[in-house]
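In: need coordinates for the following:
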Amino acid sequence: MSLHPTWISVGVGQLALWHRPKRQYLRDVRAQGTGADLVVVTLLHPGEGATHLGQLIQAAGALWVWLPLSFGRPPEGAESNQIVAALPTLSTHLDSEGRAYYIRARWTFDVIWPVVYTAFLALSLSWVYWRAFAPASRWQWANLVPLAGMLFDCLENSPASLVMARYPDLTPGVAHLAPLFTLLKWLFVTGSFVLLFIGGGVAVWHRAPAPAAGLRCGIKLQQGQHRHPPPRADEILNLPAGAVAEKSCQIKC
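Out: Numbers count the residues shown, from 1 in each chain. Predicted structure coming up:
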């Protein structure tokens, strides 16, 4: 792994997506006196050593912005409030072109994943529920649940984009909607997978063969003939003229 991040020019500044900064890199920043131009955004959980890392970053003279994410789960409670409070700080350190780049990324690259999972879930639910339930059943509407997840995924991007677009004007309260939309998004996405498993189970149950019933049938003709195993249906319909068919069956369960 490289000791230094790969920087990409964005506006008048540079941006890099990297693992946690190495101590040697922070020592170099401190020795070169370039920390004042560096903003480090950390997504680590407190149990992953985020506090200690923040102390090292600040000791190097850089600005540290901590947006904790507990094990990759959507932020809740204090974590959510901390992320919302950090949005104006991030906007301050981005020029107009940098903020525009952030908004473009939100509505281009960040939209690909919702389109992929929505198409997969909607098509899968349509295919499975068509086989599991009657065409007129209300369960056929289950394929709309992933669309609700995609809607809230797009709404999740809106508050942060609006804060960036309106900077330096403040947008009170709007940023707090992002965690709510995140929670609703995962509620509908997770619910879609649950519905998919339920529909799959019902479809398999409907297609399962009936248990062996021990069916034994015979045909008794006028001449007293008895035949086993049972004849086919076309044989029954084509009995000789004048023959009387008597179907005798015994079912053992």
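
In: please look at residue 54 and residue 66 and confirm they touch.
Out: Yes: using C-beta atoms under 8 Å, residue 54 is in contact with residue 66, at 6.0 Å. In this view, the C-beta of every residue, glycine as well, is placed from N, C-alpha and C.

In: find residues that contact each of these two.
Out: Shared contacts of residue 54 and residue 66 (C-beta atoms under 8 Å, 6 or more residues apart in numbering): residue 42.

In: just the helices in the stretch 101-250 of the chain please.
Out: 109-132, 145-166, 177-207, 233-237 (DSSP state H, counting those that start in this stretch).

In: so which of these is the most surrounded?
Out: With neighbours defined as mean count of other C-beta atoms under 10 Å, the helices of the stretch 101-250 of the chain peak in mean count at helix 145-166, which reaches a mean of 19.

In: can you pull the contacts of residue 128?
Out: 196, 199-200, 203.

In: show me where this structure dips below the pLDDT cut-off.
Out: Along the chain, the parts satisfying pLDDT under 70 run over 1-3, 10-12, 15, 35, 70-85, 87-89, 93, 95, 168, 208-253.

In: domains of it?
Out: The chain breaks down into these domains under automatic domain parsing: 1-73, 94-208, 216-250.

In: ok, residue 36 - how many residues close by?
Out: 10 (other C-beta atoms under 10 Å).

In: roughly how far apart are the residue nearest to it when sequence neighbours are not counted and residue 113?
Out: Closest residue to residue 36 apart from its sequence neighbours, by C-beta to C-beta, 6 or more residues apart in numbering: residue 61 at 5.8 Å. Distance from residue 61 to residue 113, counting by C-beta to C-beta, to the nearest Å: 37 Å.

In: related to what we said a few turns ago, quick one: the helices of the stretch 101-250 of the chain as JSON lines, columns for distance to residue 38 too.
Out: Shown next, in JSON lines, are the helices of the stretch 101-250 of the chain (distance: least, C-beta to C-beta, whole Å):
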{"stretch": "helix 109-132", "distance to residue 38": "25"}
{"stretch": "helix 145-166", "distance to residue 38": "20"}
{"stretch": "helix 177-207", "distance to residue 38": "26"}
{"stretch": "helix 233-237", "distance to residue 38": "84"}
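
In: out of the ones you listed, the one nearest residue 97 is which?
Out: When the helices of the stretch 101-250 of the chain are compared by C-beta to C-beta, helix 145-166 sits nearest residue 97, at 11.6 Å.

In: which elements pack onto that closest one?
Out: Applying 3 or more C-beta pairs under 8 Å, 6 or more residues apart in numbering; DSSP states H and E, we find helix 145-166 packed against helix 77-92, helix 96-107, helix 109-132, helix 177-207.
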